[in-house]
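Enquirer: sequence and predicted structure below; questions after.
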Amino acid sequence: MDRQSPVTVRRVRWSEAIDALRAIRTKVFVDEQHVPQALEWDGLDDECLHVVAETASREAIGTGRLLPDGHIGRMAVMPAWRGKGVGRMLLTELTAAAAEHGHTEVVLSAQTHAIGFYQRSGFEVISEEYLDAGIPHRTMRLIRPAPR
């Protein structure tokens, strides 16, 4: 996507965007990937900074969250919008938020099929493969120098 993109990303609190964020994560993780609801709804959302990608008509099409410890998680893009730069926009906003909160290292648990996506943004693999909700993952991190 370019600057003329009809998609924008904004930071939100869980309480102000709960319906849209839940709808995206339910579609992607629960319905498509068969993640058990008990694992998806881990009780941490109120503590997190969330981002939401929206179309010009304010349709929510993607989300992700930043935990207080600098972990990024729950990155999800609706099927019709995949491969169009929405995930990159979400990741850029989340890593910017992490830097603003003083995190020089950002860690995430990447589904193995998405490793290349994260590597293109500077993340490196730091673990062996493991299963999370029955899906193969690897831990990745991005290290940024501290601001001067």
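Expert: Thanks, I have the structure now. Since we're looking at a predicted model, the values are computed, not measured.
Enquirer: and the top strand by length along the chain, which strands flank it?
Expert: Assignment by DSSP state E gives strand 135-143 as the longest strand of the chain. Its sheet considered, strand 135-143 pairs with strand 105-111 (antiparallel), strand 124-125 (antiparallel), strand 130-132 (antiparallel) by DSSP bridges.
Enquirer: can you give the contact residues for the longest one?
Expert: Identification of contacts with strand 105-111 by C-beta atoms under 8 Å, 6 or more residues apart in numbering yields 70-73, 75, 94-95, 98, 117-118, 123, 125-126, 132, 135-144. Where C-beta positions appear, they are placed from N, C-alpha and C, glycine not excepted.
Enquirer: in space, what's closest to residue 49 - neighbours in sequence excluded?
Expert: Distances taken as C-beta to C-beta, 6 or more residues apart in numbering put residue 66 closest to residue 49, at 4.5 Å, once the chain neighbours are dropped.
Enquirer: and the lowest-mean-pLDDT helix or strand in the chain, what does it pack onto?
Expert: The weakest-scoring helix or strand in the chain, judged by mean pLDDT, DSSP states H and E, is helix 37-40 (a mean of 91). In terms of contacts (3 or more C-beta pairs under 8 Å, 6 or more residues apart in numbering; DSSP states H and E), helix 37-40 is packed against no helix or strand at all.
Enquirer: follow-up on the earlier one: redo the strands paired with strand 135-143 as a markdown table? Include distance to residue 50 and mean pLDDT.
Expert: Below are those laid out as a markdown table (distance: least, C-beta to C-beta, whole Å; pLDDT from 0 to 100):
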| stretch | distance to residue 50 | mean pLDDT |
| --- | --- | --- |
| strand 105-111 | 15 | 95 |
| strand 124-125 | 25 | 96 |
| strand 130-132 | 20 | 93 |
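Enquirer: what's the most buried one of these?
Expert: Highest mean neighbour count among the strands paired with strand 135-143 (mean count of other C-beta atoms under 10 Å): strand 105-111, with a mean of 19.
Enquirer: so what's the spatially closest residue to residue 117 that is not a sequence neighbour up against?
Expert: Leaving aside its sequence neighbours, residue 117 sits nearest to residue 87 (C-beta to C-beta, 6+ apart; 6.4 Å). The neighbours of residue 87, taking C-beta under 8 Å, 6+ apart as the test, are 62, 75, 77, 117.
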